[in-house]
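Undergrad: the following comprises the amino acid sequence and a computationally predicted model.
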Amino acid sequence: MKAVRNYIILLFLLLQSRPAAAAPAAYDLYLKGELLQAASAYSALAAESPSEARPLLNASMCLRQAGRYYEAAGVMVRALERDPHNPDIYSELGWLRFHQADYDGARSAFETAIRIQALHSRAELGLASVYSNLEDKERTMAHLEKYRQLRPDFAGVDYILAWNYMNFSMHKEAETALIEALRKDPSFTEARLPLAGIYARQGKFDEAWNQYHRVLAYAPGHPVASSMMKVLEGKLSKQPEEIRPPFRITKPLVMEPVDALASLSSSVRIRVGIGTGNTGKQGSNNLLKIKSFEGMTVTGKASKKLFATIPPDQAWLVTAEDNKVVLKDAAGTVYGRFAGPILVKPVKASGSVIFDADPRTKNAFFRWSDRQYRGYIELYPNGGRGIGVVNVVENELYLLGVVPSEVAPQWPYESLKAQAVIARTQVLIRRARGGQHKADGYHLCDGQHCQAYKGKSIEANTTTRAVIDTEGEILTYHGRPAYTFYHSNCGGWIQASKEVTGWGDSPYLVTKADGHPDKSEKAMDPWDWHLWITGNPPANCNYPGRVRASEYRWMKIIRYKDMTFRINRDYKIGELVDIVPLRRSPSGNVNTLKLVGRKKTVTVTREHLIRNLLGFSSLKSTLFDIEVNRFKNGKVRNYWLYGGGWGHAIGLCQSGAAGLAGKYDKKYREILEFYFPGTGIRQIKYVKKTK
Ligand SMILES: [Zn+2]
Ligand SMILES: [Zn+2]
């Protein structure tokens, strides 16, 4: 009897464990990008639990990602039999039909969703898109207006509005919508090109030029923007510097009551490459104008010989000629031609060196803004590339310029301290290892490539205080400096470094929800994830008022032709046939992307390559879902990208750190423990080098 009962229990356990074991299998297949197998596994689960809609919804999402929209819609209809009052299912069924150009079918599904739930944002957007394709202007705009009310901060709304206005040739309205999209998201490069086009058409050449100029700031070398700027240059009514006045530094920055120099002890000197490009290399500096408020000296680095003393407020010229650095005073008198490095040093420790913006300078960094640095500047002939510029500055003083370049000084104070600690840790790792810029002759560049550093003019009291309050503190793991990777906004989930090709496997760089600090959240299945990425879910980094909504959620619609063109810039695959996300982190980040072309198929695994490939300039992140939109004849019309976050989503989420400090009152040590579990803070003593 007992044996029989045990047998029954065992049988019961076996039956119980089957779905539980099959669910992770289906999910793992989905993460690996085995989408059709994942869909079958989820369908098998659906057969085992005949009352549950969820396995069918997951199967449908896998089929959709595999490009099987027709089958995906069929499975979705079966899901509705199990859960007939779920507006989300109707809405997503609507989208599956819409993308196959079944507008009547889509409309009825969207309308049902709205009947069940009056304010359903996805269904409103869906109805607007249906009516747009049916060329019903009024209804399109009415539903977009409702969508805008439901997602007021979302720059994507204005972009879609503009997209539709342009389709209806309503240029004035398109202009207004594009300006609104750019107000919410200045990095929305896709919106600048049509806006520039509208301006050019109206004969507003100065405004058009300004927009193309800004496109180039986000997408250096963009072909349309570069060629249009040349075309427009002859038609401008003003000088470029009048249309877009450079940022000027005209008087010393007085910061009370925080006196950084008096508060900080001396630390090690570091070398920072200034005015560097995307890859952290020096720009082409043909000409630089230098000045100071306090006066400065110019000496030879090797000879230590004093060549000139530059009085306060006088701007002198440095030019590159025959691979030499040439120094001239304001009147044009040559003070020296140098084949080696020269040092430009302020005469006071509290002084700084200023680069005056000058229209003759080729490097946009020095052309459009004055720049100001603590410490001193080393200038040297940089091969055929003009003048090399390195800022030699004490680490703690350098950090005064890094923290406000990386985060907003008005953010909650504890998040500024967390930023100071991780930025300091980054420097020490790069300094100790020589880093990626060893051959360039500096420890770090001044751009996103290493960490942003805009010098003295950006310093703020709050961030300066954060550096002073954490002076010498770094993050360690088992006693050694930790890899304190950070990014602007994770989109709601942090991904582990080991998920991303080339990022290594550090035990403290883990996958986790950027959510409530005292709750842990499970990774989402395909259905929940789709609703999450297309919606506006809560997260530490979803922080209205402090963080731009467009950094947390974004969207793009890319025409088929543009997508083929973009991909063929990097990979000659011929006409694009299919884009398939092959491997995702549990966070949803796409870490392998398959591109099928008429000529060949390529697989892209590097994070920055995936972003460069699909972005107009660069996609904000690899956290996205793609929907393929087709004409009635089956040809691809465009790709709809729903994305989240800005940056690689590894390590600390800067927006999330602000959220943890602001929403939950977390201290900087708790913030660091949240993003880098298992690490600790250590106070370092700088070893002073002689000389
Ligand atoms: Zn760099
Ligand atoms: Zn985040």
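TA: That came through fine. Numbers count the residues shown, from 1 in each chain. Ligands and ions are numbered 1, 2, ... in the order given.
Undergrad: just for this protein, where's the confidence low?
TA: Low-confidence segments of the chain, defined by pLDDT under 70, span residues 1-22, 253-257, 615-616, 687-691.
Undergrad: what about 50?
TA: Along the chain, the model assigns pLDDT under 50 to residues 1-5, 7-19, 689-691.
Undergrad: output the set of residues of it in proximity to ligand 1.
TA: Listed as neighbours of ligand 1 in the chain under the rule CB under 5 Å from the ion: 280, 445, 449-450. All C-beta atoms are positioned from the backbone trio N, CA, C, and that covers glycine.
Undergrad: go through those residues and flag which are in strands.
TA: For those, membership in strands holds for C445, with DSSP state E as the criterion.
Undergrad: could you pick out which of the residues of the chain next to ligand 1 are near ligand 2?
TA: The overlap between the residues of the chain next to ligand 1 and the neighbourhood of ligand 2 (criterion: CB under 5 Å from the ion) is empty.
Undergrad: hang on, isn't R54 packed against L531?
TA: No. In this structure, R54 sits apart from L531 without contact. The criterion is CB atoms under 8 Å, and the distance is 11.9 Å.
Undergrad: compare those two (neighbour count), which wins?
TA: Relative neighbour count places R54 above the other of R54 and L531, with 19 against 16, counting by other CB atoms under 10 Å.
Undergrad: so which strand or helix has the residue nearest to the more buried one when sequence neighbours are not counted?
TA: Computed as CB to CB, 6 or more residues apart in numbering, the closest residue to R54 that is not its neighbour in sequence is W527, at 6.5 Å. Secondary structure assignment for W527, by DSSP states H and E: helix 526-534.
Undergrad: do the same with L57
TA: helix 54-65.
Undergrad: kindly report the same for V344.
TA: Counting by DSSP H and E, the element that carries V344 is strand 342-346.
Undergrad: G662 too?
TA: Of the helices and strands defined by DSSP H and E, G662 is found in helix 654-664.
Undergrad: give me the buried positions along that helix.
TA: 654-663 (16 or more other CB atoms under 10 Å).
Undergrad: distance from stretch 653-673 to the middle of the chain?
TA: Going by CA atoms, centre = their mean, to the nearest Å, the spacing between the C-alpha centre of stretch 653-673 and its chain's C-alpha centre is 20 Å.
Undergrad: sorry, slip of the keys, the one I care about is stretch 105-124.
TA: Here the centre of mass of C-alpha atoms in stretch 105-124, compared against the chain's by CA atoms, centre = their mean, lies 32 Å away.
Undergrad: and what of stretch 157-176?
TA: In terms of CA atoms, centre = their mean, the centre of stretch 157-176 is found 25 Å from the chain centre.
Undergrad: what is the end-to-end distance of it?
TA: Between the start and the finish of stretch 157-176 there is a gap of 13 Å, counting by CA to CA, to the nearest Å.
Undergrad: mind telling me what element I474 is part of?
TA: Secondary structure (DSSP H and E) places I474 in strand 473-477.
Undergrad: which is the next helix or strand following that strand?
TA: Tracing the chain past strand 473-477, the next element assigned as helix or strand by DSSP H and E is strand 480-481.
Undergrad: just to revisit the earlier point, roughly how far does the residue nearest to R54 sit from M61?
TA: For W527, the distance to M61 equals 5 Å [CB to CB, to the nearest Å].
Undergrad: of those two, who's got more company?
TA: The neighbour count for W527 versus M61, taken as other CB under 10 Å, is higher for M61 (27 against 23).
Undergrad: following the helix or strand harbouring L193, which helix or strand comes up?
TA: Take DSSP H and E as the rule and L193 turns out to sit in helix 189-201. Toward the C-terminal end, the helix or strand that comes next after helix 189-201 (DSSP H and E) is helix 205-218.
Undergrad: quick check: next helix or strand after that following helix?
TA: With DSSP H and E setting the assignment, the helix or strand that follows helix 205-218 is helix 223-233.
Undergrad: tell me the angle of that next one relative to helix 205-218?
TA: For helix 223-233 against helix 205-218, the angle between stretch directions is 150 degrees (axes from the mean of the first three to the mean of the last three CA atoms, to 10 degrees).
Undergrad: contacts for helix 223-233 next, please.
TA: 193, 196, 200, 205, 208-209, 212-213, 215-216, 219, 240 (CB atoms under 8 Å, 6 or more residues apart in numbering).
Undergrad: closest one of those residues to ligand 2?
TA: Nearest to ligand 2 among those, counting by CB to the ion, is A219 at 24.9 Å.
Undergrad: so that closest one makes contact with R569?
TA: No. Shown here, A219 and R569 do not form a contact pair, counting by CB under 8 Å, at 11.9 Å.
Undergrad: so those two - more neighbours on which side?
TA: Shown here are A219 and R569; by other CB under 10 Å, A219 has more neighbours (21 against 10).
Undergrad: list the contacts of the more buried one.
TA: When contacts are taken as CB under 8 Å, 6+ apart, A219 is in contact with 189, 225, 616-618.
Undergrad: so which of these would you say is closest to ligand 1?
TA: Relative to ligand 1, the closest of the contacts of A219 is S618; by CB to the ion it sits at 16.0 Å.
Undergrad: in three-state terms, label that closest one for me.
TA: coil (DSSP: H, G, I helix; E, B strand; the rest coil).
Undergrad: try I626
TA: The local conformation at I626, judged by three-state DSSP, is strand.
Undergrad: got the contact list for it?
TA: I626 sits next to 65, 579, 581, 639-641 when contact means CB under 8 Å, 6+ apart.
Undergrad: cool, and N164?
TA: The contact partners of N164, by CB under 8 Å, 6+ apart, come to 128, 132, 140-141, 144.
Undergrad: ok, the closest residue to ligand 2 within the stretch 101-250 of the chain - contacts?
TA: Relative to ligand 2, the nearest point of the stretch 101-250 of the chain is D153 (16.4 Å; CB to the ion). When contacts are counted by CB under 8 Å, 6+ apart, D153 is found next to 184, 544, 548-550.
Undergrad: mind checking which of the residues you listed land in helices?
TA: Filtering those for membership in helices, criterion DSSP state H, returns 184, 549-550.
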